[in-house]
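In: need a structure here:
(chains A and B)
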Amino acid sequence: AQTVTQSQPEMSVQEAETVTLSCTYDTSESNYYLFWYKQPPSRQMILVIRQEAYKQQNATENRFSVNFQKAAKSFSLKISDSQLGDTAMYFCAFEDYGGSQGNLIFGKGTKLSVKP
Amino acid sequence: DAGVTQSPTHLIKTRGQHVTLRCSPISGHKSVSWYQQVLGQGPQFIFQYYEKEERGRGNFPDRFSARQFPNYSSELNVNALLLGDSALYLCASSLSDRGTILTEQFFGPGTRLTVL
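Out: Numbering: from 1, shown residues only, chains lettered A, B, ... in the order given. All right, here's what the predicted structure looks like:
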(Lines give C-alpha, C1' and ligand atoms only; values in the text may rest on other atoms or scores of the structure.)
Protein backbone atom coordinates (compact mmCIF):
# COMPACT_ATOMS: atom_id res chain seq x y z
CA ALA A 1 0.00 0.00 0.00
CA GLN A 2 1.14 3.50 -0.77
CA THR A 3 1.97 5.81 2.11
CA VAL A 4 2.87 9.48 2.35
CA THR A 5 4.90 10.85 5.24
CA GLN A 6 5.33 14.48 6.25
CA SER A 7 7.80 14.60 9.12
CA GLN A 8 7.37 18.28 10.01
CA PRO A 9 4.10 18.86 11.88
CA GLU A 10 4.74 22.61 12.16
CA MET A 11 7.09 25.13 10.62
CA SER A 12 7.44 28.87 10.70
CA VAL A 13 9.22 31.33 8.44
CA GLN A 14 9.72 35.06 8.31
CA GLU A 15 8.00 36.98 5.60
CA ALA A 16 10.10 37.20 2.39
CA GLU A 17 12.28 34.25 3.38
CA THR A 18 12.40 30.78 1.86
CA VAL A 19 11.09 27.61 3.47
CA THR A 20 11.16 23.95 2.43
CA LEU A 21 8.54 21.41 3.42
CA SER A 22 9.48 17.74 3.32
CA CYS A 23 7.55 14.77 2.02
CA THR A 24 8.49 11.16 1.45
CA TYR A 25 6.33 8.44 -0.01
CA ASP A 26 6.38 4.73 -0.49
CA THR A 27 5.08 2.91 -3.55
CA SER A 28 5.92 0.05 -5.84
CA GLU A 29 4.28 1.79 -8.78
CA SER A 30 6.34 3.48 -11.47
CA ASN A 31 3.70 5.81 -12.86
CA TYR A 32 2.09 8.24 -10.48
CA TYR A 33 1.44 11.86 -9.69
CA LEU A 34 2.52 13.85 -6.67
CA PHE A 35 0.80 16.95 -5.40
CA TRP A 36 1.10 19.67 -2.82
CA TYR A 37 -2.20 21.04 -1.57
CA LYS A 38 -2.72 24.10 0.59
CA GLN A 39 -5.55 24.32 3.10
CA PRO A 40 -5.87 27.83 4.58
CA PRO A 41 -7.76 28.36 7.82
CA SER A 42 -10.94 28.86 5.76
CA ARG A 43 -10.68 25.13 4.95
CA GLN A 44 -10.89 25.03 1.14
CA MET A 45 -8.17 22.77 -0.25
CA ILE A 46 -6.26 24.33 -3.14
CA LEU A 47 -3.79 22.65 -5.49
CA VAL A 48 -0.40 24.34 -5.26
CA ILE A 49 1.73 22.28 -7.60
CA ARG A 50 1.88 18.83 -9.18
CA GLN A 51 4.59 16.58 -10.55
CA GLU A 52 4.30 13.67 -12.96
CA ALA A 53 6.65 10.89 -11.91
CA TYR A 54 7.81 10.27 -15.48
CA LYS A 55 9.07 13.84 -15.80
CA GLN A 56 12.60 14.43 -14.60
CA GLN A 57 12.24 18.20 -14.58
CA ASN A 58 11.06 19.63 -11.28
CA ALA A 59 7.75 21.48 -11.45
CA THR A 60 7.63 25.21 -10.74
CA GLU A 61 4.66 27.52 -10.20
CA ASN A 62 5.73 31.10 -9.53
CA ARG A 63 7.15 31.15 -5.97
CA PHE A 64 6.54 27.44 -5.49
CA SER A 65 8.88 24.73 -6.70
CA VAL A 66 9.50 21.11 -5.91
CA ASN A 67 12.55 18.93 -5.53
CA PHE A 68 11.48 15.53 -6.83
CA GLN A 69 13.91 12.71 -6.14
CA LYS A 70 12.27 9.60 -7.58
CA ALA A 71 14.88 7.09 -6.45
CA ALA A 72 14.77 8.45 -2.91
CA LYS A 73 10.96 8.77 -3.07
CA SER A 74 11.22 12.32 -1.86
CA PHE A 75 9.07 15.28 -2.91
CA SER A 76 9.81 18.52 -1.09
CA LEU A 77 8.13 21.88 -1.61
CA LYS A 78 10.10 25.12 -1.61
CA ILE A 79 8.30 28.39 -1.07
CA SER A 80 10.34 31.44 -1.99
CA ASP A 81 9.65 35.00 -0.87
CA SER A 82 7.11 33.76 1.70
CA GLN A 83 3.99 35.87 2.10
CA LEU A 84 1.53 36.15 4.98
CA GLY A 85 -1.10 34.54 2.75
CA ASP A 86 1.01 31.40 2.57
CA THR A 87 0.04 30.62 6.17
CA ALA A 88 -1.87 27.34 5.92
CA MET A 89 -1.75 23.58 6.29
CA TYR A 90 0.19 21.99 3.46
CA PHE A 91 -0.53 18.44 2.42
CA CYS A 92 1.59 16.24 0.22
CA ALA A 93 -0.49 13.76 -1.79
CA PHE A 94 0.08 10.78 -4.08
CA GLU A 95 -2.08 9.43 -6.88
CA ASP A 96 -1.48 6.16 -8.66
CA TYR A 97 -1.66 6.72 -12.42
CA GLY A 98 -4.26 4.35 -13.79
CA GLY A 99 -4.98 2.81 -10.41
CA SER A 100 -7.95 3.43 -8.15
CA GLN A 101 -9.28 6.64 -9.55
CA GLY A 102 -9.95 9.59 -7.37
CA ASN A 103 -7.82 7.99 -4.72
CA LEU A 104 -5.49 10.69 -3.46
CA ILE A 105 -3.38 9.52 -0.54
CA PHE A 106 -2.48 12.38 1.76
CA GLY A 107 0.18 12.91 4.38
CA LYS A 108 -0.73 14.27 7.79
CA GLY A 109 0.20 17.78 6.80
CA THR A 110 2.59 20.53 7.84
CA LYS A 111 1.25 23.65 9.47
CA LEU A 112 3.16 26.62 8.06
CA SER A 113 3.08 29.99 9.78
CA VAL A 114 4.52 33.01 8.01
CA LYS A 115 5.48 35.72 10.49
CA PRO A 116 5.69 39.44 9.67
CA ASP B 1 -17.87 29.41 -12.91
CA ALA B 2 -18.98 28.23 -9.50
CA GLY B 3 -16.66 25.90 -7.69
CA VAL B 4 -17.58 22.72 -5.87
CA THR B 5 -20.36 23.37 -3.41
CA GLN B 6 -21.30 21.35 -0.35
CA SER B 7 -24.22 21.44 2.03
CA PRO B 8 -24.74 21.85 4.85
CA THR B 9 -21.72 23.77 6.12
CA HIS B 10 -22.06 22.50 9.65
CA LEU B 11 -24.07 19.67 11.16
CA ILE B 12 -24.54 18.38 14.69
CA LYS B 13 -25.93 14.89 15.23
CA THR B 14 -26.14 12.43 18.09
CA ARG B 15 -24.80 8.90 18.17
CA GLY B 16 -26.91 6.39 16.29
CA GLN B 17 -28.46 8.96 13.96
CA HIS B 18 -28.18 9.07 10.21
CA VAL B 19 -26.74 11.92 8.14
CA THR B 20 -26.78 12.90 4.47
CA LEU B 21 -24.18 15.24 3.02
CA ARG B 22 -24.52 16.79 -0.41
CA CYS B 23 -22.08 17.87 -3.08
CA SER B 24 -22.46 19.68 -6.40
CA PRO B 25 -19.45 19.38 -8.70
CA ILE B 26 -18.06 22.01 -11.01
CA SER B 27 -20.12 22.24 -14.16
CA GLY B 28 -18.89 19.68 -16.68
CA HIS B 29 -17.14 17.52 -14.10
CA LYS B 30 -18.41 13.96 -14.08
CA SER B 31 -16.35 12.52 -11.24
CA VAL B 32 -16.97 13.12 -7.55
CA SER B 33 -14.82 11.87 -4.70
CA TRP B 34 -15.47 11.98 -0.96
CA TYR B 35 -12.85 12.34 1.75
CA GLN B 36 -12.98 12.34 5.54
CA GLN B 37 -10.62 14.69 7.35
CA VAL B 38 -10.35 14.13 11.06
CA LEU B 39 -8.97 17.08 13.02
CA GLY B 40 -5.21 17.26 12.72
CA GLN B 41 -4.98 14.66 9.96
CA GLY B 42 -4.86 14.59 6.19
CA PRO B 43 -7.98 13.67 4.23
CA GLN B 44 -8.79 9.98 3.82
CA PHE B 45 -10.45 8.66 0.69
CA ILE B 46 -13.97 7.29 1.14
CA PHE B 47 -15.57 6.93 -2.32
CA GLN B 48 -15.24 7.92 -5.93
CA TYR B 49 -18.13 8.02 -8.37
CA TYR B 50 -17.98 8.53 -12.11
CA GLU B 51 -20.99 8.56 -14.40
CA LYS B 52 -23.13 7.37 -11.48
CA GLU B 53 -21.02 4.27 -10.89
CA GLU B 54 -18.81 3.60 -7.90
CA ARG B 55 -15.21 3.50 -9.14
CA GLY B 56 -13.34 3.33 -5.89
CA ARG B 57 -13.90 2.76 -2.20
CA GLY B 58 -11.61 3.42 0.74
CA ASN B 59 -11.31 1.48 3.97
CA PHE B 60 -14.58 2.57 5.56
CA PRO B 61 -17.36 0.44 7.07
CA ASP B 62 -20.63 -0.32 5.30
CA ARG B 63 -22.30 2.39 7.37
CA PHE B 64 -20.89 4.74 4.75
CA SER B 65 -22.61 4.81 1.38
CA ALA B 66 -22.88 7.24 -1.48
CA ARG B 67 -24.54 7.78 -4.79
CA GLN B 68 -24.29 10.06 -7.79
CA PHE B 69 -27.24 11.50 -9.62
CA PRO B 70 -27.78 12.09 -13.38
CA ASN B 71 -26.72 15.74 -12.92
CA TYR B 72 -23.46 14.44 -11.35
CA SER B 73 -24.23 15.77 -7.91
CA SER B 74 -23.60 13.34 -5.11
CA GLU B 75 -24.75 12.36 -1.63
CA LEU B 76 -22.76 10.75 1.13
CA ASN B 77 -24.80 8.87 3.70
CA VAL B 78 -23.59 7.70 7.07
CA ASN B 79 -25.77 5.45 9.23
CA ALA B 80 -25.54 4.66 12.94
CA LEU B 81 -23.23 7.58 13.65
CA LEU B 82 -20.35 7.11 16.05
CA LEU B 83 -18.39 9.73 17.93
CA GLY B 84 -15.42 8.89 15.70
CA ASP B 85 -17.35 10.00 12.62
CA SER B 86 -16.88 13.61 13.72
CA ALA B 87 -14.80 15.16 10.97
CA LEU B 88 -14.70 17.51 8.03
CA TYR B 89 -16.14 15.76 4.98
CA LEU B 90 -14.67 17.00 1.73
CA CYS B 91 -16.04 16.54 -1.73
CA ALA B 92 -13.83 16.88 -4.79
CA SER B 93 -14.77 16.90 -8.45
CA SER B 94 -12.75 16.24 -11.58
CA LEU B 95 -13.37 15.96 -15.31
CA SER B 96 -12.38 12.37 -15.74
CA ASP B 97 -11.91 9.15 -13.85
CA ARG B 98 -8.73 8.20 -15.63
CA GLY B 99 -5.20 8.61 -14.38
CA THR B 100 -4.38 11.56 -16.60
CA ILE B 101 -3.73 15.19 -16.09
CA LEU B 102 -7.47 15.69 -16.24
CA THR B 103 -7.92 14.03 -12.88
CA GLU B 104 -6.93 17.22 -11.09
CA GLN B 105 -9.36 17.34 -8.22
CA PHE B 106 -11.06 20.52 -7.11
CA PHE B 107 -12.22 20.52 -3.52
CA GLY B 108 -15.29 21.99 -1.93
CA PRO B 109 -15.26 23.84 1.41
CA GLY B 110 -16.42 20.76 3.29
CA THR B 111 -19.14 19.88 5.76
CA ARG B 112 -18.16 19.91 9.42
CA LEU B 113 -19.96 17.01 11.14
CA THR B 114 -20.02 16.85 14.92
CA VAL B 115 -21.40 13.73 16.56
CA LEU B 116 -22.36 14.09 20.22
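
In: what does chain B have sitting close to chain A?
Out: B:31, B:33, B:35, B:40-45, B:48, B:50, B:55-56, B:58, B:88, B:90, B:92, B:94, B:97-101, B:103-110 (C-beta under 8 Å from any C-beta of the partner chain). In this view, the C-beta of every residue, glycine as well, is placed from N, C-alpha and C.

In: can you rerun that using 6 Å?
Out: Proximity of chain B to chain A (C-beta under 6 Å from any C-beta of the partner chain) is limited to residues B:33, B:41-43, B:45, B:48, B:55-56, B:97, B:99, B:107, B:109-110.

In: spatially central residue in the chain, please.
Out: This is for chain A. residue A:36 (3.0 Å; C-alpha atoms, centre = their mean).

In: try chain B instead
Out: Chain B, centroid-nearest residue using C-alpha atoms, centre = their mean: residue B:34 at 2.8 Å.

In: is the residue nearest to the centre of chain A in a bridge, and if so with what?
Out: residue A:49, residue A:92 (DSSP bridges).

In: need the strands for the chain, in chain order.
Out: As the question left the chain open, I've gone with chain A. Applying DSSP state E to chain A gives strands spanning A:3-5, A:10-14, A:19-21, A:24-26, A:32-39, A:46-52, A:60-61, A:64-69, A:74-79, A:88-96, A:105-106, A:110-115.

In: the chain in question should be chain B.
Out: B:5-7, B:10-13, B:19-24, B:31-37, B:44-50, B:53-57, B:64-68, B:74-78, B:87-94, B:106-107, B:111-115.

In: so for residue A:65, which of those sits nearest?
Out: Using C-beta to C-beta as the measure, strand B:106-107 is the one of those that comes nearest residue A:65, at 22.4 Å.

In: contact partners of that closest one?
Out: Contact with strand B:106-107 is made by A:45, B:4, B:26, B:90, B:92-93, as judged by C-beta atoms under 6 Å, 6 or more residues apart in numbering or on different chains.
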